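# I would like to see how this sequence folds:
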Amino acid sequence: MMPINDEIEEPTASARDDLGLLRELLDETDVVVAQRPAKKSRKPAVGIDDMTPDEFRAYKARLQAERRAKLKEQEAAGRLPFDTDTTRDALADAALMLLYSGGPGADAVMNYLGKVFSDKPGAPLTIAARVRTRALEPKLLRFAGKSS
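Below you'll find the model as predicted:
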């Protein structure tokens with residue numbers, strides 16, 4: 001049986017004392033303490049509310065130019081942005097392909113066209129004829145054939 005240690009340790013007054021004791025026990029030369037990276041300072045931002053009308057127009061023009069450049073870059077790389085316009089185009093392409101193939105769902109597309117163009121009864125048949133003669137073609141078909 002091991003003898004009981006009757007020594008009373010001195011209580012530490014702070015966490016700093018505990019860390020000092022820990023470093024002493026671990027021999028600080030063997031321990032690698034990762035330093036926290038310093039926070040990157042942000043340069044003060046100018047708020048939109050602080051801009052003059054000319055500065056605001058220039059700011060908006062720059063943002064729009066950057067957005068357009070990004071969209072052109074994406075299209076050149078064969079990618080499309082996921083936004084309202086491309087979603088509508090993709091859904092329209094799907095409807096065109098259903099009408100062309102006459103597959104399941106083509107009747108639902110024709111019924112929908114009949115409701116949308118209720119004041120023009122010949123419109124759905126004209127649209128279906130244009131799809132079959134390829135006068136109306138899918139916009140995004142070139143993107144659908146590519147696999148990422």
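
# is residue 82 in a helix, a strand, or coil?
coil (DSSP: H, G, I helix; E, B strand; the rest coil).

# report pLDDT for it.
pLDDT for residue 82: 84.

# distance-wise, check it relative to residue 71.
12 Å (C-beta to C-beta, to the nearest Å). Yep, even glycine has a C-beta here, placed from its N, CA and C like the rest.

# neighbour count: the two, which is higher?
It is residue 71, of residue 82 and residue 71, that has more neighbours when counted by other C-beta atoms under 10 Å, with 15 against 8.

# now do the closest residue to that one other than its chain neighbours against residue 110, distance only.
Spatial nearest neighbour of residue 71, chain neighbours left out: residue 81 (6.0 Å); criterion: C-beta to C-beta, 6 or more residues apart in numbering. Plainly put, residue 81 is 31 Å away from residue 110 if you go by C-beta to C-beta.

# of those two, which one has the most company?
Shown here are residue 81 and residue 110; by other C-beta under 10 Å, residue 110 has more neighbours (17 against 13).

# show me the contacts for the more buried one.
Listed by C-beta atoms under 8 Å, 6 or more residues apart in numbering, the contact partners of residue 110 are 99, 124, 128.

# now it: which helix or strand?
Assigned by DSSP states H and E, residue 110 falls within helix 106-116.

# mind listing what's buried in that helix?
For helix 106-116, a neighbour-count test (16 or more other C-beta atoms under 10 Å) marks 106, 109, 110, 113 as buried.

# make TSV out of those and add pLDDT.
Below are the buried residues of helix 106-116 laid out as TSV (pLDDT from 0 to 100):
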residue	pLDDT
106	93
109	94
110	95
113	94
